[in-house]
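**Q** what's the 3D shape of this:
(2 chains)
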Amino acid sequence: MRSRKLIVVMLLVVLTLCLFSAVVQAEGKFKLKPGAKGKLCLTCHAAFSAKMNAKHVHTPLAQGDCSGCHNPHASNHGMLLDADADSICYNCHDNVVPEGAVSSHQVAADGNCVSCHDPHSSDNPANLVKGGSDLCFDCHKELGEKIALNKFGHSPVKKNCLTCHNPHASANNDNLLKAEEPAVCLNCHKTSSSGFKLRHMNYPVEQARCSTCHDPHGSNSGAILADNVHEPIRKQMCNQCHNEPGSAQPFAVKKAGFELCQGCHYDMINEAFAKNRLHWPLVDETGCINCHTPHASSEPGLLRGKMADVCGSCHADTLARQDRSQTKHQPISDGECSTCHSPHASNNLFLQEKKSTVDTCAQCHDWQTHSTHPIGPDVIDPRNRNVSLDCLSCHRTHGTEYKHFLYYQDIQSLCVQCHTKYRR
Amino acid sequence: MRYLFKYTIVAFLLGIMFAAPAAAAKIRHQGTVFVDNVDLALNHPEGVACSDNSFVVADTGNSQVVRYSISVQGFTPEATFPLPGTSPIIAQTNAAGDIFVLDGKSRTIIRMDRDGQVAGKLEPKGLPDPKSFVPRSFKLDKDGNINLLDIFSQRVLVLKVDGTYLRHLPLPEGHGFFSDLAISSQGITYLLDSVAGAIYAANPGAEAFELLSSGLKEHMNFPTSIAIDSRGELYLSDQYGSGLVLVGRDGSFQGRKFGMGWEDGQFYYPAQLCINDSDTLVIADRDNNRVQVFNIMDE
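**A** Sure thing, here's the model as predicted:
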């Protein structure tokens, strides 16, 4: 009897709570008149009627809940948004970039959702501002142009980037990939056929990273091999470097470091070894493939990436100096480190191609028209009797915090370093 | 009772001494050497090795080694030892005054006696597989053994002076690029990662290196040489940042000294540094074509 009363009381409490929450929901936090949600806004924002007719309407707007994102009275944020533009979407879409994601799309991580999505409505799914890959190519222009010009295309790339990539983040994979290589490739490509095995010289490539040879975005080489193919790969002579395909470790290489490459590139390596100054990574355990990819690359010289990225992977401080510099040095901006430096070895300091700094700079700069200040091996630096004046006496080629790569804030401060009698 | 009181005070004072963090050292410029003993200007010297009353310079651009004496009068060039056709970049000396230099061109270690007579190249004997090695740097320990940073087979090789293999320690995984190593008087081996701005350490008898300090890139650009003072503090020559960086025994950043320039106490792409038992610090100021000598003092 007593427990029946208890049940009745509890039911009443639950019903009251439900009723109360329904009332609160109906009125909303702004206590709008019944039925006023959204419609009230549209009495002024009439242009939004057309937005409402788009194929895909953002759920709050479809429900007439403009106050889901906007404050109708006042706000500290633009567009009367209820929170910062770069965080308001996360109020509902909080799992777009998973915590600890291996890779994330910068725009998503920055909360710049409106770069890709229309917050109100769109004729494209997911309220995207453009359909298909065109949206991606708005930012990834260079890639889009390359894909358009490729002789050999990869059909999913032409259709939709999202076949392989997640647009926001990838919890477990690099490059926003939906699955790690080779799984992402094996979703479409079957490896069991004899033709496939024959084309890959019976190496178990289904266990390897396809993109070490193939450019997943297409290329100008058959079988979408990256544009620059290492000769042994082109000739299908993988066993020139690797163990035989039927061996216990078919992908193991026959020699370590530069010793493997020296078998073919002996002239280049011997020439480098005869120089006074060697780029040390050439002779470490990784050797040539510190900078080069051994199979195929979309970059000339089989570089692992853009030259500035490859060099910058170790010399980040040098490139950062150019970033901070008020004046930019064109070869660095162009990512052409080899304009001045010889990447393997040199007899000269800083692995410069030319013996003297003046000669290096003179490749681009006609210094005799630039300045009448004497420079050269016979002009002794007044600050140090063992140093002669050259371009580096006044300029630091990768940049300083001042204009024209100068070491000092202004010309006067620079000149009085040597011309001390003019010091103030 | 009185003794107990005295001992308590002494123990308390000792406790304070050891618990207090080591003050950053004060470094005072002592002098600069510009020429060898025949007045030839140094040419991009990269290596220096210290002993109590002298130091030797690997005068890289002149393909020679120069020994200087240290006295109250200053630093006097005593002898020059030509090494034609080489590019000497790292120097070391032992208690007998023998000189060892790493030739960057042939990537071999050349041994000379005190009078500059070349005794041959270091040929390791009894190396375990892999047999191939490339020395990026080397240091002598207090027993006179050669600790060789082998970047090809990723290990520190410990060899007797005649090249006989004693032991090795693998380099840690996941590093950037190791440019130098240092051995403390307690036998601790330190490794300098120039790219990552990190220091690894291995105690005597350890089987692996452990990370001592990381994130040093915040304070330096590209350190290439490491040395240890009598207190066990680490000194790094920041080649691309043209400065000196001090790191405590515990791996903590202690400060940055000097900067880029051409005057005394300034550097232009410094290379190897060394410190003797009297805390005389010698730095190969490579692109200033000179060697600078400093005195390390407690601040």
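
**Q** Model confidence for A:A46, exactly?
**A** Among the per-residue scores, A:A46 shows a pLDDT of 79.

**Q** Check which helix or strand it maps to.
**A** Assigned by DSSP states H and E, A:A46 falls within no helix or strand.

**Q** what's the distance between it and A:T59?
**A** Counting by C-beta to C-beta, to the nearest Å, the gap from A:A46 to A:T59 is 22 Å. Just so you know, the C-beta spots here come from the backbone N, C-alpha and C atoms, and that holds for glycine as well.

**Q** How about A:M307?
**A** 47 Å.

**Q** ok, now B:S137?
**A** 63 Å.

**Q** These two: which is more packed in?
**A** B:S137 (26 against 11; other C-beta atoms under 10 Å in any protein chain shown).

**Q** list the contacts for that one?
**A** Applying C-beta atoms under 8 Å, 6 or more residues apart in numbering or on different chains to B:S137 gives the contacts B:I90, B:L102, B:L148, B:L149, B:S179, B:D180, B:L181.

**Q** who in chain B is up against chain A?
**A** B:34, B:41-42, B:44, B:87, B:104-105, B:107, B:130, B:132, B:134, B:136, B:151-154, B:176-177, B:179, B:195, B:217, B:221-222, B:240-241, B:260-263, B:268, B:287-290 (C-beta under 8 Å from any C-beta of the partner chain).

**Q** Looking at those residues, which are in strands?
**A** Secondary structure defined by DSSP state E assigns B:R136, B:S179, B:M260, B:R290 of the residues of chain B next to chain A to strands.

**Q** Output those residues as CSV; include the columns distance to A:R321.
**A** As requested, these are exported to CSV (distance: C-beta to C-beta, whole Å):
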residue, distance to A:R321
B:R136, 25
B:S179, 20
B:M260, 12
B:R290, 24
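
**Q** between the residues you listed, which has the most around it?
**A** B:R290 (26 neighbours).

**Q** was I right about that one contacting B:H44?
**A** No: counting by C-beta atoms under 8 Å, B:R290 stays clear of B:H44, with 10.0 Å between them.

**Q** In a helix, A:L40, correct?
**A** Yes: A:L40: assigned to a helix according to DSSP: H, G, I helix; E, B strand; the rest coil.

**Q** Now do the same contact list for it.
**A** Counting by C-beta under 8 Å, 6+ apart, A:L40 makes contact with A:L32, A:K33.

**Q** Equivalent analysis for B:D279, please.
**A** B:D279 touches B:D229, B:S230, B:N295, B:I296, B:M297, counting by C-beta under 8 Å, 6+ apart.

**Q** Which ones among the residues you listed map onto helices?
**A** Applying DSSP state H to those, no entry is found in helices.

**Q** and the strand ranked longest in chain A, what other elements does it pack with?
**A** Counting by DSSP E, the longest strand found in chain A is strand A:384-388. Applying 3 or more C-beta pairs under 8 Å, 6 or more residues apart in numbering or on different chains; DSSP states H and E, we find strand A:384-388 packed against strand A:380-381.

**Q** contact partners of the strand it packs on?
**A** A:V387, A:S388, A:L389, A:S393, A:C418, B:W262.

**Q** so where's chain A uncertain?
**A** Scanning chain A for pLDDT under 70 picks out A:1-3, A:16-29, A:34-38.

**Q** Within range of chain B, give me the residues from it.
**A** Residues of chain A lying near chain B (C-beta under 8 Å from any C-beta): A:256-257, A:259, A:274-278, A:280-281, A:283-285, A:314-318, A:349, A:381, A:383-387, A:407, A:417.

**Q** Just the buried ones from those residues, in PyMOL syntax?
**A** Per 16 or more other C-beta atoms under 10 Å in any protein chain shown, the buried members of these correspond to this PyMOL selection:
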select buried, chain A and resi 257+259+275+276+277+278+280+281+283+284+285+314+315+316+317+318+349+381+383+384+386+387+407+417
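
**Q** Inside helices: which ones of the residues of chain A next to chain B?
**A** Short answer: the residues of chain A next to chain B in helices (DSSP H) are A:G257, A:E259, A:A316, A:D317, A:T318.

**Q** For A:R396, see how far away the third one is.
**A** Spelled out, it's A:A316. In terms of C-beta to C-beta, A:A316 sits 17 Å off from A:R396.

**Q** same deal with the fourth one?
**A** Taking C-beta to C-beta as the criterion, A:D317 is separated from A:R396 by 13 Å.

**Q** Next: the second one.
**A** In this view, A:E259 and A:R396 are 38 Å apart by C-beta to C-beta.

**Q** Tell me the buried residues in stretch A:45-60?
**A** For stretch A:45-60, by 16+ other C-beta under 10 Å, it's A:F48, A:K51, A:A54, A:H56, A:V57, A:H58, A:P60.

**Q** er, stretch A:83-96 actually
**A** A:A85, A:I88, A:C89, A:V96.

**Q** same question, stretch B:170-186
**A** In stretch B:170-186, counting by 16+ other C-beta under 10 Å, buried: B:L171, B:P172, B:H175, B:F177, B:F178, B:S179, B:D180, B:L181, B:A182, B:I183, B:S184.

**Q** May I ask which of the residues you listed comes out lowest in pLDDT?
**A** Scoring the buried residues of stretch B:170-186 by pLDDT puts B:H175 last, at 90.

**Q** Wait, that one touches B:A198, no?
**A** Yes: assessed by C-beta under 8 Å, B:H175 is found in contact with B:A198 at 7.2 Å.

**Q** Which residue ranges of the stretch 101-250 of chain B form strands?
**A** According to DSSP state E, counting those that start in this stretch, the stretch 101-250 of chain B carries its strands in the segments B:108-112, B:118-121, B:135-140, B:146-150, B:155-159, B:165-170, B:178-183, B:189-193, B:198-202, B:210-213, B:223-228, B:234-238, B:243-247.

**Q** So which of the ones you listed is the most surrounded?
**A** Ranked by mean neighbour count, the strands of the stretch 101-250 of chain B are led by strand B:234-238 with a mean of 27 (mean count of other C-beta atoms under 10 Å in any protein chain shown).

**Q** next one: that strand to chain centre, how far?
**A** With C-alpha atoms, centre = their mean, to the nearest Å as the basis, strand B:234-238 stands 9 Å off its chain's centre.

**Q** average model confidence for it?
**A** pLDDT averaged over strand B:234-238 gives 98.

**Q** and the angle for it with strand B:223-228?
**A** 160 degrees (axes from the mean of the first three to the mean of the last three C-alpha atoms, to 10 degrees).

**Q** How many neighbouring residues does B:G248 have?
**A** Neighbour tally, B:G248, other C-beta under 10 Å: 18.

**Q** my read: it touches B:Y235, true?
**A** No: counting by C-beta under 8 Å, no contact exists between B:G248 and B:Y235, whose distance comes to 11.2 Å.

**Q** Where does pLDDT dip in the stretch 51-200 of chain B?
**A** Residues of the stretch 51-200 of chain B that meet the cut-off, pLDDT under 70, do not exist.

**Q** sorry, back to before: with distance to A:C291 as added columns, please give the buried residues of stretch B:170-186 in a markdown table.
**A** Formatted as a markdown table, the buried residues of stretch B:170-186 follow (distance: C-beta to C-beta, whole Å):
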| residue | distance to A:C291 |
| --- | --- |
| B:L171 | 20 |
| B:P172 | 22 |
| B:H175 | 17 |
| B:F177 | 12 |
| B:F178 | 18 |
| B:S179 | 18 |
| B:D180 | 22 |
| B:L181 | 24 |
| B:A182 | 28 |
| B:I183 | 32 |
| B:S184 | 35 |
